[in-house]
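Peer 1: quick one: sequence and predicted model below, then my questions.
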Amino acid sequence: MSIRTDEKLLMMPGPVTVPSRVLLAMAKPMINHRGKEFSAMYGEIQSVSAELFNTKADNISVISGSGTAGMEAAIGSLNNKTDKILAIDNGKFGQRFKKLAGKYGTVVPLEFEWGQSVDLGKVEEKLEAGDIKSIAMIHNESSTAIRNPAPEVGKLAKKYGAYFILDVVSSLGGDTILMDEWGVDIAVTGSQKCLAAPPGLSIAAVSEKAAEEMKNITTRPYYLDLLAYRNSATKELKETPYTPAVSLFYALQEALRMVKEEGIQNRINRHYLMTKAVRDSMAAIGIEMFPTLNQYSAYSNTVSAMKAPAGVDGEEIKKALGKRGIIITGGQDHLKGKIFRVGSMGATTPLNIMNTMTELEFVLFTLGVIESTGAVDDFASEAMKDLY
Ligand SMILES: Cc1ncc(COP(=O)(O)O)c(C=O)c1O
């Protein structure tokens with residue numbers, strides 16, 4: 001016997017459980033994607049997204065493609081092959097930016113061990129060496145559950161006249177993003193994380209300055225040309241350059257309505273308290289968090305990464321929880337087996353966190369890591385008391 005898919009609890013850092021309201025929105029009939037109805041839906045998506053990014057609605061475009069499409073669009077649309085792109089890599093997704101930077105521009109890598117914080121001194125050294133056109137960084141590095149210092153890197157970008165590309169794929173909707181205030185030129189997110197929509201859409205926010213510069217780029221991608229997306233999205237009849245995934249737009253529209261109903265700040269607070277509940281529960285049973293913080297970094301607001309306890313493979317913990325119907329994630333690449341990760345994104349509830357923590361505690365007990373159960377409940381519910 002095994003647990004049915006619809007009985008499983010997704011506690012991964014995306015995709016996340018999608019509320020039935022959002023799933024049902026996808027059952028609506030197709031419409032003309034070059035008509036008034038689509039334009040109105042696109043306008044609504046732009047306006048709520050703009051509140052989440054803290055930028056102007058005209059800066060928002062939606063690409064039919066997952067978060068990586070947004071990352072590729074950002075790097076490729078803003079840089080020519082000879083332009084130097086400083087790519088900050090302290091995890092799997094920073095590494096992805098580095099690879100993309102190498103494809104479209106001239107990559108200047110800045111690598112830190114995965115799980116370590118970004119050293120701003122090293123960022124400045126690279127900028128001082130000169131000639132950096134763009135900086136690419138992940139805000140919330142989901143592979144290691146660390147929040148990188150976006151405001152500080154934004155200041156350095158301004159000081160050295162570089163464009164700033166920021167991936168907010170796993171933070172927008174679950175953490176504060178101040179695109180304009182931080183001096184971000186392009187920010188990109190995905191639909192399947194803190195927004196609690198299905199996978200398949202990427203939202204890109206492009207500043208006017210970045211859009212102006214894109215006109216000078218001769219090697220802009222074709223399907224992922226952000227200038228084309230921006231031009232289409234700012235027409236009186238809003239549209240996308242190519243046929244959009246209309247059903248996913250319906251879902252995103254409904255998911256963003258739910259964001260508004262909850263209130264953006266309430267949603268960010270809920271994410272904060274749920275990740276705190278995970279950390280407090282883990283501390284109560286002696287499980288260490290994986291990231292090493294410095295004064296400018298923080299634990300992620302949306303996902304938690306824990307070190308696998310001595311003598312236990314992180315994959316075993318993941319599998320044992322999976323058998324009990326709770327789907328968490330392990331480490332990626334060389335971190336496989338060494339860490340395990342619990343997401344608290346999107347529509348995740350305090351009850352989901354409580355269930356996950358108590359089941360996780362039980363699994364650790366059965367694996368011989370802890371000698372008794374019953375320690376996590378009080379810590380988790382204390383952390384989340386303002387949510388009840
Ligand atoms: C921070 C971050 N950036 C980019 C991506 C890639 O997004 P996608 O898998 O939607 O292409 C992810 C996905 O996990 C992510 O967490």
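Peer 2: Yes, it's here. What you see is a predicted model; the values in this text were computed from it and never measured.
Peer 1: quick check: which element contains the residue lying closest to Ala320 once chain neighbours are set aside?
Peer 2: Nearest non-adjacent residue to Ala320, counting by Cβ to Cβ, 6 or more residues apart in numbering: Val363, 4.4 Å away. C-beta coordinates here come from the backbone N, C-alpha and C atoms, glycine included. Assigned by DSSP states H and E, Val363 belongs to helix 350-366.
Peer 1: quick one: buried residues of that helix?
Peer 2: 350, 352-364 (16 or more other Cβ atoms under 10 Å).
Peer 1: just stretch 234-244 next, same as before
Peer 2: When neighbours are counted by 16+ other Cβ under 10 Å, the buried residues of stretch 234-244 are found to be Lys238, Glu239, Thr240, Pro241, Pro244.
Peer 1: how far is that stretch from where the chain is centred?
Peer 2: 25 Å (Cα atoms, centre = their mean, to the nearest Å).
Peer 1: other residues contacting it?
Peer 2: Contacts to stretch 234-244, defined as Cβ atoms under 8 Å, 6 or more residues apart in numbering, come from residues 33-36, 38-39, 42-43, 46, 58, 61-64, 223, 225, 228-229, 231-233.
Peer 1: end-to-end on it?
Peer 2: The separation between the terminal residues of stretch 234-244, taken as Cα to Cα, to the nearest Å, is 16 Å.
Peer 1: which parts of the stretch 151-300 of the chain sit against the ligand?
Peer 2: Asp167, Val169, Ser170, Gly190, Pro199 (Cβ under 6 Å from any ligand atom).
Peer 1: so how do I select the buried members of those residues in PyMOL?
Peer 2: Applying 16+ other Cβ under 10 Å to these leaves a buried subset, and the PyMOL line that selects it is:
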select buried, resi 167+169+170+190+199
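Peer 1: ok, which pair from the residues of the stretch 151-300 of the chain next to the ligand is furthest apart?
Peer 2: The largest distance within those, taken as Cβ to Cβ, falls between Asp167 and Pro199 and amounts to 15.7 Å.
Peer 1: show residues contacting the helix holding Val363.
Peer 2: 9, 11, 273-274, 277-278, 281, 285, 287, 309, 317, 320-321, 324, 326, 328, 342, 344, 370-377, 380-381, 384, 387-388.
Peer 1: so which of the residues you listed belong to strands?
Peer 2: Restricting these to those inside strands, with DSSP state E as the criterion, leaves Leu9, Ile326, Val342.
Peer 1: now, of the residues you listed, which are buried?
Peer 2: For the ones in strands among the contacts of helix 350-366, a neighbour count by 16+ other Cβ under 10 Å gives the buried set as Leu9, Ile326, Val342.
Peer 1: quick one, what contacts the spatially closest residue to the first one that is not a sequence neighbour?
Peer 2: If you skip the residues right next to it in sequence, Leu9 has Ile326 as its closest partner in space, 4.9 Å away by Cβ to Cβ, 6+ apart. The neighbours of Ile326, taking Cβ under 8 Å, 6+ apart as the test, are Lys8, Leu9, Met11, Asn355, Thr356, Glu359, Leu360.
Peer 1: likewise for Tyr272?
Peer 2: The contact partners of Tyr272, by Cβ under 8 Å, 6+ apart, come to Asn301.
Peer 1: quick check, central residue of the chain?
Peer 2: Taking Cα atoms, centre = their mean as the criterion, Ser170 is the residue nearest the geometric centre of the chain, at 1.2 Å.
Peer 1: tell me the secondary structure at that one.
Peer 2: Classification of Ser170 using DSSP: H, G, I helix; E, B strand; the rest coil returns coil.
Peer 1: and if you look at Lys81?
Peer 2: In terms of secondary structure, Lys81 is coil; the call rests on three-state DSSP.
Peer 1: cool, and Leu166?
Peer 2: Reduced to three states with three-state DSSP, the structure at Leu166 is strand.
Peer 1: and it, how many neighbours?
Peer 2: For Leu166, the tally of surrounding residues (other Cβ atoms under 10 Å) stands at 30.
Peer 1: helices of the stretch 51-200 of the chain, residue ranges please.
Peer 2: For the stretch 51-200 of the chain, the helices defined by DSSP state H, counting those that start in this stretch occupy 67-78, 92-104, 120-128, 150-159, 179-182.
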